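Asks: Below are the sequence and a predicted model; questions follow.
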Amino acid sequence: MILQGARPADSGQTINVMISKGKIDEVSPGPIAGNAGGLQLRFDNVLIFPGLINSHDHLDFNLFPQLGNRIYKNYTEWGAYIHQHYKPEINHILRVPVQLRIRWGVYKNLLCGVTTVVNHGERLTLDNELISVFEETHDLHSVGFEKLWKLKLNNPLKRHLPVVIHTGEGTDETASAEIDSLIRWNKWSRPLIGIHAVAMTGRQAANFKGIVWCPESNYYLLNKTASVHQLKQHTIIIFGTDSTLTSNWNIWDHIAMARKIGVLTDGELYRSLNSDAAKVWQINTGCISEGKDADLVIARQKNEISGLDSFYDLSHPDLLLVMHKGNIRLFDQELLPQLAPSLRERDFSLIRVEKTYKYVEGNLGELIEQIHAYLPEFTFPFEFIDHQIF
């Protein structure tokens with residue numbers, strides 16, 4: 001497969017990309033000689049960028065509405081509050097079988113151009129990976145909610161895995177103190193990846209391999225986010241959404257908020273969604289170069305804006321194509337004439353997203369029907385049109 005005439009979001013030069021066996025085989029500003037019978041997609045006035053890496057989500061918690069009705073001092077206060085005041089609502093959602101909840105969590109990310117999501121929690125069983133769900137981690141929820149966290153943190157059988165943990169998710173002294181406790185009890189000096197880190201100082205950040213920044217979730221719970229402008233001097237900042245318990249489903253809204261806050265430069269924020277995240281998780285994606293996994297997104301370039309300004313002007317309806325390891329998972333209806341010959345025996349759902357029509361791999365109509373059997377009131381962020389096998 002050859003993608004022709006796309007402009008990388010972080011540079012101005014149009015490139016062509018050849019993909020073979022799920023990886024990027026060649027990247028060139030000039031023509032690429034390929035198999036004459038192979039698929040060649042031609043584009044005009046489009047951006048290309050690595051598939052987004054969402055470094056924090058709970059895939060089985062994305063049917064929830066945002067829960068809570070005030071500002072909290074920390075996550076333990078919020079957790080106690082919602083289980084006291086929203087118990088019927090929580091139990092109502094949890095009636096949905098976990099595999100259905102996970103499938104929607106995957107689609108939530110795919111529809112926005114996420115090709116890798118780092119799931120936090122119990123390991124999942126997935127039948128068909130439309131995107132990469134990264135779980136090569138040792139997940140602890142938090143100092144406050146993880147039973148026997150000190151023993152688990154120092155489990156010698158998991159020394160090779162990074163520890164991923166909610167930490168410093170609050171604005172009070174308790175939130176700050178738990179970070180020091182976590183650092184002090186890390187007897188094996190295991191690599192720590194902290195989530196949220198709202199209460200974290202630069203001194204504390206130096207003990208972490210990376211920090212996952214989830215600003216929308218932070219402002220919803222705490223009306224404050226991490227001091228990223230300080231933390232980035234001591235560790236790598238990567239980006240996450242968290243689940244819909246504390247944020248909205250669309251990562252592009254999160255990105256817009258993050259840019260408005262202004263604690264990362266445009267380049268830093270962009271890399272937090274691709275190359276820096278790939279570095280922290282040690283995965284073979286996150287940039288457009290030979291040998292990397294072909295996780296790519298192509299989007300309409302709007303308003304004659306160039307470079308990263310054009311990237312930050314995007315939202316999910318602007319996505320023309322989402323590719324995961326060389327497999328096309330989502331494409332805009334305008335690409336159907338070019339793609340139709342290569343789609344034989346593959347099943348896609350046609351959906352309407354605002355004023356655009358997209359084909360998404362799999363039977364979304366069936367998923368909607370199954371979820372609505374438990375939650376008839378749930379509103380999906382698109383209109384299902386049809387399911388078809390090409």
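Replies: Received, thanks.
Asks: Show me where the stretch 101-250 of the chain dips below the pLDDT cut-off.
Replies: Within the stretch 101-250 of the chain, not a single segment meets pLDDT under 70.
Asks: Go again with 80.
Replies: 125-128 (pLDDT under 80).
Asks: list the contacts for the residue nearest the centre of the chain?
Replies: Geometric centre of the chain, nearest residue: residue 54, 2.1 Å, by Cα atoms, centre = their mean. Residues near residue 54 by Cβ atoms under 8 Å, 6 or more residues apart in numbering: 109, 114, 116, 117, 118, 239, 240, 241, 251. Every C-beta, even on glycine, is put in place using the N, C-alpha and C of the backbone.
Asks: ok, now residue 225?
Replies: Counting by Cβ under 8 Å, 6+ apart, residue 225 makes contact with 198, 213, 215, 218, 219, 261.
Asks: the strands in the stretch 151-300 of the chain, which residues?
Replies: Per DSSP state E, counting those that start in this stretch, the stretch 151-300 of the chain carries strands over the ranges 163-167, 192-196, 210-213, 236-239, 296-300.
Asks: pretty sure the residue nearest to the centre of the chain is in a helix, no?
Replies: No - the assignment for residue 54, made by DSSP: H, G, I helix; E, B strand; the rest coil, is strand rather than a helix.
Asks: beta partners of it?
Replies: In this entry, residue 54 is beta-bridged to residue 117, by DSSP bridges.
Asks: before we move on, what SS does residue 321 have?
Replies: Assigned with three-state DSSP, residue 321 falls in the strand class.
Asks: Could you count how many residues lie near it?
Replies: Burial of residue 321 is recorded as 24 neighbouring residues (other Cβ atoms under 10 Å).
Asks: was I right about it contacting residue 298?
Replies: Yes - under the criterion of Cβ atoms under 8 Å, residue 321 is in contact with residue 298, at a separation of 4.4 Å.
Asks: how is this structure carved up into domains?
Replies: By the assignment in automatic domain parsing, the chain contains the domains 1-50+287-342, 53-281, 345-390.
Asks: Give me the distance between the two termini of the shortest one.
Replies: Between the start and the finish of domain 345-390 there is a gap of 5 Å, counting by Cα to Cα, to the nearest Å.
Asks: Please apply the same query to the second one.
Replies: The first and final residues of domain 53-281 sit 10 Å from each other (Cα to Cα).
Asks: those helices in this structure, which residues are they?
Replies: 75-85, 87-94, 98-110, 149-153, 173-184, 202-205, 215-222, 228-231, 251-261, 266-272, 275-281, 307-312, 336-339, 364-372 (DSSP state H).
Asks: So residue 118 is in contact with residue 281, correct?
Replies: Yes - Residue 118 lies in contact with residue 281 (Cβ under 8 Å); the separation is 6.6 Å.
Asks: between those two, who's got more neighbours?
Replies: More crowded of residue 118 and residue 281, by other Cβ under 10 Å: residue 118, with 27 against 22.
Asks: What residues does the more buried one make contact with?
Replies: By Cβ under 8 Å, 6+ apart, residue 118 lies in contact with 53-57, 133-135, 137, 164, 212, 240, 281.
Asks: That one and residue 128, how far apart?
Replies: Separation of residue 118 from residue 128 (Cβ to Cβ, to the nearest Å): 19 Å.
Asks: what's the answer for residue 314, then?
Replies: Residue 314 sits 27 Å away from residue 128, going by Cβ to Cβ.
Asks: what's around residue 327, how many residues?
Replies: By the criterion of other Cβ under 10 Å, residue 327 has 15 neighbours.
Asks: Just give the nearest non-adjacent residue to it, would you?
Replies: residue 22 (7.4 Å; Cβ to Cβ, 6 or more residues apart in numbering).
Asks: Over to residue 190?
Replies: residue 163 (5.2 Å).
Asks: so what's the residue nearest to residue 261 when sequence neighbours are not counted up against?
Replies: Nearest residue to residue 261 in three dimensions, chain neighbours excluded: residue 215, at 6.1 Å (Cβ to Cβ, 6+ apart). Shown in contact with residue 215 (Cβ under 8 Å, 6+ apart): 225, 226, 254, 257, 258, 261.
Asks: Closest one of the residues you listed to residue 372?
Replies: residue 254 (26.7 Å; Cβ to Cβ).
Asks: Okay then, goodbye and thanks.
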